[in-house]
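> what follows is a predicted structure for the sequence shown.
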Amino acid sequence: MQFQQLQYFVAVAETRHFTRAADLVHVSQPSLSQQIKALERELGADLFLRARGNITLTDAGEALLPLARRILADADTARLEVQELVQLRSGRVRLGATPSLCTGLLPDVLRAFHDRYPGIRLLIEEGGSHDLVRELARGALDLALVVLPLPTPSPALATVELLREDLVVVSSPDAPKPGGGKRAISIADLEGERLVMFRHGYDLRELTVAACRAEGFEPEFAVEGGEMDAVLGFARAGLGVAVVPRMVAARAGRGLRVTPLGRPGLHRTIALAHRSDVAPPRAARELQRMLLER
């Protein structure tokens, strides 16, 4: 049973005339008649009683008509839903990002995306790069913003570098200035400073600790184990200094002193990742374009 045959059958049932039905579906009358006969042979029953000038449905035709109409209606619904997805009127994007990127980079980009495509649902998952890579690999995310290099590089993932972001030192305005009050300090100046430190597995923790050790000292923690908002709050309260991305510091608002790191400074590379074996959905590709063009 072919979809086209059901279209022809419904057209004849509604017009009760083969020629008018053929005009309605834009085929020749002989072609329409042949397809109806083929459908009847497949079903093993006549669908119409054909008397001169009078076309009526048989019992089989009466039984088939509501089913055929439902099939055609479902097909129309499916076609419209797919067209809406293609045209970005509905759908979803599942995006993973580290908490610092959710705080610093994403708000403006997601606002612009939502303004342009209000029908697209945005599902955001926060996590470390290691967790996000795992979620991408199992198909739970469409895209992820991760910190390079990846903890576990995989040929199943494609990455494109998005930005190289400076890190800065934040502290309470009421606390002594880090590094003796210099306008820009070095990682070595953090020796002896008490740091507010992120939890284990946090990309910024690993980066900061590695930089301190490269300068020959072990960092001292005033408090550790927090996420981005907690770290900023602890630094604002004067518990210690914290090393955070410049974009996060810029968004943190009042109540924090920001001190840049002098050359060579400390940086991190942000990349946009997706599975290499499956193209992201249309809406995710549009978000990807907006992120790359920001």
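Sure, I can see it.
> same for the worst-scoring helix or strand of the chain on mean pLDDT, what does it pack against?
Here the helix or strand of the chain ranked lowest by mean pLDDT, DSSP states H and E is helix 99-104, holding a mean of 85. When contacts are defined as 3 or more C-beta pairs under 8 Å, 6 or more residues apart in numbering; DSSP states H and E, helix 99-104 packs onto strand 120-126, helix 228-236, strand 242-245, helix 246-251. C-beta: built from backbone N, CA, C; applies to glycine.
> again, 6 Å this time
helix 228-236, helix 246-251 (3 or more C-beta pairs under 6 Å, 6 or more residues apart in numbering; DSSP states H and E).
> could I get the CA-only coordinates of it as CSV?
Coordinates of each C-alpha in helix 99-104 appear next as CSV, following Å, rounded to 0.1, in the frame of the first residue of the first chain:
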residue,chain,number,x,y,z
PRO,A,99,30.5,26.7,35.1
SER,A,100,32.9,29.6,34.4
LEU,A,101,31.8,29.8,30.8
CYS,A,102,28.1,29.7,31.9
THR,A,103,28.9,32.7,34.0
GLY,A,104,31.2,34.6,31.6
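> show me what the helix or strand containing residue 32 is packed up against.
Using DSSP states H and E, residue 32 falls within helix 29-43. Contact here means 3+ C-beta pairs under 6 Å, 6+ apart; on that basis helix 29-43 packs against helix 3-15, helix 18-25.
> ok so, going back, how about the helices and strands packed on helix 99-104, which one is nearest residue 292?
Nearest to residue 292, of all these, is helix 246-251, at 16.6 Å by C-beta to C-beta.
> and the end-to-end length of stretch 141-153?
Using C-alpha to C-alpha, to the nearest Å, one end of stretch 141-153 lies 17 Å from the other.
> so, low pLDDT: which residues of this structure?
Where the chain drops to pLDDT under 70, the residues are 151.
> ok, longest strand in it?
When the chain is parsed with DSSP state E, its longest strand is strand 157-171.
> need the CA coordinates for it. PDB is fine.
Below are the C-alpha coordinates for strand 157-171, written out as PDB (Å, rounded to 0.1, in the frame of the first residue of the first chain):
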ATOM      1  CA  LEU A 157      35.100  14.300  18.900                       C
ATOM      2  CA  ALA A 158      35.700  17.300  16.700                       C
ATOM      3  CA  THR A 159      36.900  20.500  18.300                       C
ATOM      4  CA  VAL A 160      37.400  24.000  17.000                       C
ATOM      5  CA  GLU A 161      39.200  26.700  19.000                       C
ATOM      6  CA  LEU A 162      36.800  29.500  20.100                       C
ATOM      7  CA  LEU A 163      38.900  31.900  22.200                       C
ATOM      8  CA  ARG A 164      42.000  32.300  24.300                       C
ATOM      9  CA  GLU A 165      41.100  33.900  27.600                       C
ATOM     10  CA  ASP A 166      43.300  35.700  30.100                       C
ATOM     11  CA  LEU A 167      43.000  34.800  33.800                       C
ATOM     12  CA  VAL A 168      43.100  37.500  36.400                       C
ATOM     13  CA  VAL A 169      43.300  37.700  40.200                       C
ATOM     14  CA  VAL A 170      40.300  38.800  42.200                       C
ATOM     15  CA  SER A 171      40.300  39.900  45.800                       C
END
